[in-house]
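>>> Sequence and predicted structure below; questions after.
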Protein chains: 2
Amino acid sequence: MTDFSATRALFDIPEGVIYLDGNSLGPLPRSAADRVKTAIEKEWGSMLITAWNRAGWMALPSRLGDRIGRLIGAEPSSVVTGDTLSIKVYQALAAGLELNPERHVVLSDTGNFPTDLYMAEGLLRQLGSGYRLKTVAPEEVVDHLDETVAVLMLTEVDYRTGRKHDMAALTKAAHDRGIITVWDLAHSAGALPVDLAGANADFAVGCTYKFLNGGPGAPAFIYVAPRYAEKVRPALSGWLGHEAPFAFDLDYRPGQGIERMRVGTPPVLQMVALDAALDAWDGVDMTALRARSIELGERFIAGVEAACPQLRLVSPRNPEERGSQISFAFEDGYAAMQALIARGVIGDFRAPDIMRFGITPLYLNEADIDTAVARLAEIMAQRLWDQPDYHRRAAVT
Amino acid sequence: MTDFSATRALFDIPEGVIYLDGNSLGPLPRSAADRVKTAIEKEWGSMLITAWNRAGWMALPSRLGDRIGRLIGAEPSSVVTGDTLSIKVYQALAAGLELNPERHVVLSDTGNFPTDLYMAEGLLRQLGSGYRLKTVAPEEVVDHLDETVAVLMLTEVDYRTGRKHDMAALTKAAHDRGIITVWDLAHSAGALPVDLAGANADFAVGCTYKFLNGGPGAPAFIYVAPRYAEKVRPALSGWLGHEAPFAFDLDYRPGQGIERMRVGTPPVLQMVALDAALDAWDGVDMTALRARSIELGERFIAGVEAACPQLRLVSPRNPEERGSQISFAFEDGYAAMQALIARGVIGDFRAPDIMRFGITPLYLNEADIDTAVARLAEIMAQRLWDQPDYHRRAAVT
């Protein structure tokens, strides 16, 4: 049994705030500040350059990779952290295309997070004529898996609606047609059980600042199936992915297995914060987390639908078909979200009209859900969102 | 007049340590720990997701870019920070090649830092047949500037020897032959005056954890000459380089000017540490810094040459021809460096036989130099390096 009241105590949520945006930026784990302070003062400050060895900095990318690997059903030594998710998408896609050189189409869907599509565009332009990105509606993906497709690149859980693809079924369908898969787990890692090995996935990528609570700009991760680990030729062939970085050879030779997916010098301060955040996941059973996520999500949907007829559920009603967020459409959703935030309930907004709420069992409980519903109901019933201040858009929404 | 005893007081160097490795990892600026603590507790912890706007996180990459820009002679709004130096090399090189599409050769030299060559290899493989990397000896670069070369990619200051290229002259020679330049300033930024605008440079990249003291894994930077800023098509076309990241369009449209060289979510904690580190540079006159660097470097050379006949200077003897490090070759240099580190003088070693010493006027003075020379002299005179412990190589050297 995972004790979610115990995990709640590990986070520092401001008094009076109900935080339903852990799917965008997870809150501060209580231990993170001290861990970073130690890394700054005792390691950087006192050990200086020698901390790369003495404080274990050089091993952080792989050690954190293994810690995340446990949460996403990855084999040991198949995940490494570093860079941003955009960069990891590029790495995975380039590797997948090089493993399937006779084909030139990348298939994705319109529910994918835009940066995945943008990075694909940029890569395919480098690869030149013949290569192209084909983007179809999420529900039509399976119909477009044919022998022209080299790589199927999908985000498992839709960032807007929470709609979840069937990773195992789509991976199998792709493999049956000779297609390599790249799965983006941005809204999956720490949100629900993922079984990369069981699904026979080829590549996966994800970020750690959402459900994993690694902090603003926390490093991304990349998974390469062990069967490909020694075959992959990195497109982003940086020195820390070299077989012997400190030999300073003029020619690149890929490092052992997943190590070759490292690129440059790792962001130590961010990695130490992530390391502290991952402590909260020790002992968390992902099946129990999923059950709790569904329980709280259903409670939220029932409450909002009963009290706010103006809002329309855009997440799948069947909890098995969604991730760990609940989204409602409302024409004045931006203003309504600002009004809600002003009253201490923090969710976020995605254009054109979606109000998003992250359901994160590590630090949310029934009372939080009920209070959030009550405040939203009040805002909707009294049109409290209809104030000029709430319509003024911020740079980041 | 820059007061270098005042800048020295801004750094937290451990008692008894003389730090001659600021060319690899700069020491801790005293204000960094508090600034990161504030970012973690008051921003991440209290503002949560709203800190992207309220704490100015989203503007950090450009704001820090401008602060660095002043130190390298860049025009306002021509530098942005993010990612690692390896990634920024890839971005700059890809952009340069796309601006010179009729040509297919990247010219570099054997003194370049290996990751620059590795990243070029990876990029050129994506670009396909015809593209190739040509690597010549540093002194022969000028003879190979011909009409086959698309991009000249050089590191201004050699990481091993400190030998400095003449950026203005090589850039002019390259332009005369229709060649685009990419300058790596890893060992230049914060080490000596750089005048990108005056040299008419096209692209430049660099890291901030060496002379700029931004901390382990601090973000890199990229410069694009204003004349190219609106012409460049990013190969790494991430969402934060999009014209309107929060519109979540399916198609990529490059952002305004240098903003398009942003890729993914910025590493906020690292950026805040870098911001604190850059405070030490406020008011530092780069010409005064250079004069002081040469003064201390000459003193170090004279001292070592007088006391340690076993060591051979491999940095250029003429100070105008080197950066801000002094390197000596010694067959047992690895062990000698370990012996020196054990006695509180921290430099580093680069294979096969180079002992490197960074000369960093912000926090070094004559007494440091004299003590370092005295300890090195003692080690050499008494063969104190010849112990099994000192020959045992660490993972990171």
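Cool, got the structure.

>>> Run a quick neighbour tally on residue A:165.
Counted with other C-beta atoms under 10 Å in any protein chain shown, residues neighbouring residue A:165 total 23. Where you see a C-beta, it was placed from the backbone N, CA and C, and this is true even at glycine.

>>> Kindly report the residues of the stretch 51-200 of chain A close to chain B.
Counting by C-beta under 8 Å from any C-beta of the partner chain, the stretch 51-200 of chain A comes close to chain B at A:51-53, A:57-58, A:83-87, A:90, A:94, A:110, A:113-115, A:117-119, A:121-123, A:125-128, A:135, A:160.

>>> So which of those residues sit within helices?
A:51-53, A:85-87, A:90, A:94, A:114-115, A:117-119, A:121-123, A:125-127 (DSSP state H).

>>> Take those and, keeping just the buried ones, write it as a PyMOL select command.
Here is the PyMOL command that selects the buried residues among those (16 or more other C-beta atoms under 10 Å in any protein chain shown):
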select buried, chain A and resi 51+52+85+86+87+90+94+114+115+117+118+119+121+122+123+125+126+127
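
>>> Could you list the buried residues of the top helix by length along chain A?
In chain A, with assignment by DSSP H, the single longest helix is helix A:286-307. Buried residues in helix A:286-307, defined by neighbour count with 16+ other C-beta under 10 Å: A:286, A:289, A:290, A:292, A:293, A:294, A:296, A:297, A:300, A:301, A:303, A:304.

>>> Make a markdown table out of those residues and add pLDDT and distance to residue B:377.
Shown next, in a markdown table, are the buried residues of helix A:286-307 (pLDDT from 0 to 100; distance: C-beta to C-beta, whole Å):
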| residue | pLDDT | distance to residue B:377 |
| --- | --- | --- |
| A:286 | 97 | 61 |
| A:289 | 98 | 62 |
| A:290 | 98 | 66 |
| A:292 | 98 | 67 |
| A:293 | 98 | 66 |
| A:294 | 98 | 71 |
| A:296 | 98 | 69 |
| A:297 | 98 | 71 |
| A:300 | 98 | 72 |
| A:301 | 98 | 76 |
| A:303 | 98 | 77 |
| A:304 | 98 | 76 |
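
>>> from these, which are also near chain B?
When contact is defined as C-beta under 8 Å from any C-beta, the buried residues of helix A:286-307 do not meet chain B at all.

>>> Would you reformat these as CSV and include distance to residue B:37?
Listed next are the buried residues of helix A:286-307 as CSV, based on distance: C-beta to C-beta, whole Å:
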residue, distance to residue B:37
A:286, 32
A:289, 31
A:290, 35
A:292, 32
A:293, 32
A:294, 37
A:296, 32
A:297, 35
A:300, 34
A:301, 39
A:303, 38
A:304, 38
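
>>> How much space separates residue A:105 from residue A:334?
Separation of residue A:105 from residue A:334 (C-beta to C-beta, to the nearest Å) stands at 37 Å.

>>> Those two: which has the busier surroundings?
residue A:334 (24 against 21).

>>> residues near the closest residue to residue A:12 other than its chain neighbours, how many?
Nearest residue to residue A:12 in three dimensions, chain neighbours excluded: residue A:28, at 4.6 Å (C-beta to C-beta, 6 or more residues apart in numbering or on different chains). Here the number of neighbours of residue A:28 (other C-beta under 10 Å) works out to 25.

>>> sec struct for the most centrally placed residue in chain A, please.
In chain A, the residue lying closest to the centroid (C-alpha atoms, centre = their mean) is residue A:186, at 1.7 Å. Using DSSP: H, G, I helix; E, B strand; the rest coil, the structure places residue A:186 in coil.

>>> Counting by contacts, list what the longest helix of chain A packs against.
Applying 3 or more C-beta pairs under 8 Å, 6 or more residues apart in numbering or on different chains; DSSP states H and E, we find helix A:286-307 packed against strand A:312-313, strand A:325-329, helix A:366-381.

>>> need these in TSV with distance to chain B, mean pLDDT and mean neighbour count, can you?
Shown next, in TSV, are the helices and strands packed on helix A:286-307 (distance: least, C-beta to the nearest C-beta, whole Å; pLDDT from 0 to 100; neighbours: other C-beta atoms under 10 Å in any protein chain shown):
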stretch	distance to chain B	mean pLDDT	mean neighbour count
strand A:312-313	19	98	14
strand A:325-329	13	98	24
helix A:366-381	14	98	18
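
>>> Nearest to residue B:390, out of the ones you listed?
Minimum separation from residue B:390 across the helices and strands packed on helix A:286-307 (C-beta to C-beta) falls at strand A:325-329, 55.8 Å.

>>> which other residues reach the strand ranked longest in chain A?
For chain A, the strand with the greatest residue count under DSSP state E is strand A:149-155. By C-beta atoms under 8 Å, 6 or more residues apart in numbering or on different chains, the residues outside strand A:149-155 that reach it are A:89, A:93, A:96-97, A:100, A:102-109, A:111-113, A:116, A:120, A:134, A:141, A:145, A:165, A:170, A:174, A:177, A:179-187.

>>> residues in contact with the residue lying closest to residue A:311 once chain neighbours are set aside?
Sequence neighbours aside, residue A:328 is the residue nearest to residue A:311 in space, at 4.0 Å (criterion: C-beta to C-beta, 6+ apart). With contact taken as C-beta under 8 Å, 6+ apart, residue A:328 is in contact with A:304, A:308, A:311, A:312, A:313, A:314, A:315, A:354, A:355, A:357.

>>> is residue A:328 in a bridge, and if so with what?
For residue A:328, the beta-bridge partners are residue A:313, residue A:355 (DSSP bridges).

>>> any idea how far it lies from residue A:312?
Using C-beta to C-beta, residue A:328 is found at 6 Å from residue A:312.

>>> Spell out the residue ranges of the helices in the stretch 151-300 of chain A.
Using DSSP state H, counting those that start in this stretch, the helices of the stretch 151-300 of chain A run over A:167-176, A:196-199, A:226-229, A:268-279, A:286-307.

>>> the inter-axis angle of the longest one versus strand A:325-329?
In this structure, helix A:286-307 runs at an angle of 20 degrees to strand A:325-329, with axes from the mean of the first three to the mean of the last three C-alpha atoms, to 10 degrees as the basis.

>>> List the contacts of helix A:286-307.
Identification of contacts with helix A:286-307 by C-beta under 8 Å, 6+ apart yields A:1-2, A:4, A:71, A:191-194, A:311, A:313, A:315, A:317, A:319, A:322, A:324, A:326, A:328, A:357, A:359-362, A:364-366, A:369-370, A:372-374, A:376-377, A:380-381.

>>> cool, and the second one?
Contact with helix A:196-199 is made by A:72, A:73, A:74, A:75, A:78, A:167, A:168, A:171, A:183, A:204, A:223, A:225, as judged by C-beta under 8 Å, 6+ apart.

>>> so who does the closest residue to chain B within the stretch 251-397 of chain A touch?
With C-beta to the nearest C-beta as the measure, residue A:264 is the residue of the stretch 251-397 of chain A nearest to chain B, at 2.7 Å. Listed by C-beta under 8 Å, 6+ apart, the contact partners of residue A:264 are A:82, A:83, A:238, A:239, A:240, B:83, B:84, B:85, B:86, B:87, B:115, B:220.

>>> Now it: phi and psi?
Reported as degrees, to the nearest 10, the phi and psi values for residue A:264 are phi -110, psi -160.

>>> so what's it closest to, chain neighbours aside?
Closest to residue A:264 by C-beta to C-beta, 6+ apart is residue B:84, at 2.7 Å.
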